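Engineer: generate a structure from the sequence data that follows.
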Amino acid sequence: MYKVLIIGMGGFIGAVSRYYVSGWVQGLSKSVAFPWGTLTVNLIGCFIIGLLSHFIEVSSSLAAEVRLFLIVGLLGSFTTYAAFSLETLRLLQSHRFALALANILLHLALGLAAVMAGRSTLVALWR
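Structural biologist: Numbering: from 1, shown residues only. From the prediction side, this is the model:
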């Protein structure tokens, strides 16, 4: 239960941070056509998870609870795109190129299909 609370605390901070950062950037852009706020939080999350993952690999000095708080909780709720990007990078680094490409294509294609299916389902139910 202790680990769940740690993840939850990080998740709360990450989700609220995503809301504010994304909204702030979107407001600065003055754009309604392109989601600059979402792109920004995804890129920030990717950069931070890159820093943390390398730090953990070379030093192993972060306690398991701190890793759960930062990576699973905070970054997991700030952006899941960062986790997807790290997992794809690890596949590429291990020379599993076909799996990396499959991961990219499946996330994009199935993610879009799932969004369309969810929308279609709701439209069908509300007729």
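Engineer: without its sequence neighbours, what residue ends up closest to Ile71?
Structural biologist: Nearest residue to Ile71, sequence neighbours excluded (CB to CB, 6 or more residues apart in numbering): Leu52, at 6.2 Å. Backbone N, C-alpha and C define where each C-beta goes, glycine included.
Engineer: residue contacts, the one you found?
Structural biologist: Leu62, Arg67, Leu70, Ile71, Leu75 (CB atoms under 8 Å, 6 or more residues apart in numbering).
Engineer: starting at the chain centroid, how far to the strand or helix carrying it?
Structural biologist: Taking DSSP states H and E as the criterion, the element that holds Leu52 is helix 36-59. Distance, stretch centre to chain centre, for helix 36-59: 9 Å (CA atoms, centre = their mean, to the nearest Å).
Engineer: mind giving me the packing neighbours of the helix or strand following it?
Structural biologist: Downstream of helix 36-59, the next assigned helix or strand under DSSP H and E is helix 64-67. The contact analysis (3 or more CB pairs under 8 Å, 6 or more residues apart in numbering; DSSP states H and E) places helix 64-67 against helix 2-29.
Engineer: tally up the residues packed near Phe47, please.
Structural biologist: Per other CB atoms under 10 Å, the neighbour tally for Phe47 reads 12.
Engineer: state the pLDDT value of it.
Structural biologist: pLDDT recorded at Phe47 is 91.
Engineer: how much space separates it from Leu108?
Structural biologist: Computed as CB to CB, to the nearest Å, the Phe47 to Leu108 distance reads 21 Å.
Engineer: ok, Gly23 next?
Structural biologist: In terms of CB to CB, Gly23 sits 25 Å off from Leu108.
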